[in-house]
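# coordinates only, sequence not included:
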């Protein structure tokens, strides 16, 4: 076997596990290392400088694990830190924003796309810039949905309160002729049934987690970094690291995401 | 004038401003320095070790400002870090838990008291220990309300969603014969109308912010640390520091808390 080095994946907390799950599915032979910054979660309301600093520390930590590529499984960090991280690193670093934007541009017929995300992601205007670069004809309508993450973390995936809040957030998007909506936060695919019901059948929901896993596979293929050789199930290792409270992380992963996370290791991320 | 040194006040974010407001009212001559740990907010779901480390850094920062006393204007940090901080410091350090517990014990007639707070505050069982020490006859019923902070921060102080969530959280408390409920998180007094409506007129709501300001005054009197001499309005200085995003802090303080915060200074708290 060659190229056995793991792929590093990180997020502000647990949401990035939805991305990891897609990567497991699409690249079942790869070793994966996940880091969740649970001591400083959430990132969604914090500034570019702070997210940049936190992401830099995490990349340095992942490099100590000898990763061959890094996936930023967090829309906020992808929006605010990816460009700087790429400049400073020789590793392939992939965010969730670009794959989602590319698929949205491919999907839309009306040329009107919506994106929902955290306050910081929306404020960064990253989706506007990415879509503009792909196709300047596309109009983007964006909306921050700050209560979606806490609602998901409270487990209210199908609930009248979630429905009520979602209706208010999505109300103004419905005034536009959009046919494609990017779920611009890793927690949001967990609310896709509610969001789909409110937006209606004519609107395609784009899950960047899914697109990112495809993108990653192509990137590793292109750079000849895919793991090669006879790989049995026993050869594949998944490791989880957090900056706080491994128990809570494991139980959330288990209950909300139905991820089979058995244990996680707590590290002091400020040291990196 | 003597004892002009400021009093340091800190919280995980903006909620502690409700405590600062009470301190301004009760001790109008004192200089105050507020620190909000907005880069790492919220504390409510994080571990004792992490909250201990963060609080230690903040105390070291406040000491560089030559404070004469420190108020932990955060229930989670008061619950998880106060005892250790007191052991390591010669300054008077006051939390919000004890003053709230003392008042609850004084108030209750049925000897059944309720407390609501963050997951970490409730899990710490600090209110149980404090009340037990004051009066072992008292039964405490506790309930974590993790969505209350995000709802307050979204400005939904009077809203059917907040009412709905509050009804669910408070439902089980209503099964007990409690006549006193401690609002065990600095955000919760902003929901007091909703909480009062659900709990009914017979239940007294205890606002630890109010009790803490009283407690602080007594402590400073006892230790002869109150500012003395002729103090005019121009002699009183309020300073605000945050670990992230001073703009967002100022606008929240202004809009949700109606605090007249004009500016804040961002510092790198990890350096302390």
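Ah, there it is. Since the structure is predicted, the reported quantities are computational estimates derived from the model, not experimental observations.

# Point out where chain A drops to low pLDDT.
Along chain A, the parts satisfying pLDDT under 70 run over A:256.

# OK, contacts around the residue of it found nearest chain B?
Among the residues of chain A, residue A:150 lies closest to chain B, at 3.9 Å counting by C-beta to the nearest C-beta. Backbone N, C-alpha and C define where each C-beta goes, glycine included. Counting by C-beta atoms under 8 Å, 6 or more residues apart in numbering or on different chains, residue A:150 touches B:146-147, B:150.

# what are the ranges of the helices in chain A?
With helices called from DSSP state H, chain A shows them at A:17-26, A:48-64, A:75-88, A:97-107, A:119-124, A:126-134, A:148-153, A:160-171, A:192-199, A:208-222, A:246-255.

# ok, and for stretch A:109-122, which residues are buried?
Residues of stretch A:109-122 classed as buried under the neighbour-count rule (16 or more other C-beta atoms under 10 Å in any protein chain shown) are A:112-122.

# scratch that, stretch A:254-270
In terms of neighbour count (16+ other C-beta under 10 Å), stretch A:254-270 has its buried residues at A:256-257, A:259, A:261, A:264, A:266-267, A:269.

# Select from the residues you listed every entry located in strands.
residue A:266 (DSSP state E).

# Okay, the residue of chain A most remote from its centre and residue A:2: tell me how far apart.
With distances taken as C-alpha atoms, centre = their mean, the residue sitting farthest from the centre of chain A turns out to be residue A:230, at 29.9 Å. Counting by C-beta to C-beta, to the nearest Å, the gap from residue A:230 to residue A:2 is 11 Å.

# quick one: residue A:263 from residue A:121, how far?
Residue A:263 sits 31 Å away from residue A:121, taking C-beta to C-beta as the criterion.

# need the residues of the stretch 1-150 of chain A near chain B, please.
Proximity of the stretch 1-150 of chain A to chain B (C-beta under 8 Å from any C-beta of the partner chain) is limited to residues A:38-41, A:45-47, A:49-50, A:146-147, A:150.

# Kindly recompute the last result at 10 Å.
When proximity is defined by C-beta under 10 Å from any C-beta of the partner chain, the stretch 1-150 of chain A lies next to chain B at A:13, A:38-42, A:45-51, A:53-54, A:57, A:119-120, A:145-150.

# In ChimeraX, select just the buried ones from those residues.
Command for ChimeraX, covering only those of those found buried under the criterion 16+ other C-beta under 10 Å:
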select /A:13,38,39,40,41,42,45,46,47,48,50,51,53,54,57,119,120,145,146,147,148,149,150
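
# Among the contacts of residue A:150, which one sits closest to chain A?
Proximity of the contacts of residue A:150 to chain A, judged by C-beta to the nearest C-beta, is greatest for residue B:150, which lies at 3.9 Å.

# from the contacts of residue A:150, which single one is nearest residue A:183?
When those are ranked by distance to residue A:183 (C-beta to C-beta), residue B:150 comes first, at 19.0 Å.

# The closest one and residue B:2: what is the separation?
For residue B:150, the distance to residue B:2 equals 44 Å [C-beta to C-beta].

# do the same with residue A:158
Residue A:158 sits at a distance of 62 Å from residue B:2 (criterion: C-beta to C-beta).

# try residue A:214
70 Å.

# Neighbour count: those two, which is higher?
A direct count of neighbours by other C-beta atoms under 10 Å in any protein chain shown for residue A:214 and residue B:2 places residue A:214 higher, at 16 against 10.

# hang on, isn't that one packed against residue A:98?
No: counting by C-beta atoms under 10 Å, residue A:214 stays clear of residue A:98, with 11.7 Å between them.

# and the stretch 151-272 of chain A, which of its residues are near chain B?
With C-beta under 10 Å from any C-beta as the criterion, the stretch 151-272 of chain A meets chain B at residues A:151, A:153-154, A:156, A:159-162, A:164-165, A:168, A:243-248, A:252, A:266, A:268, A:270.
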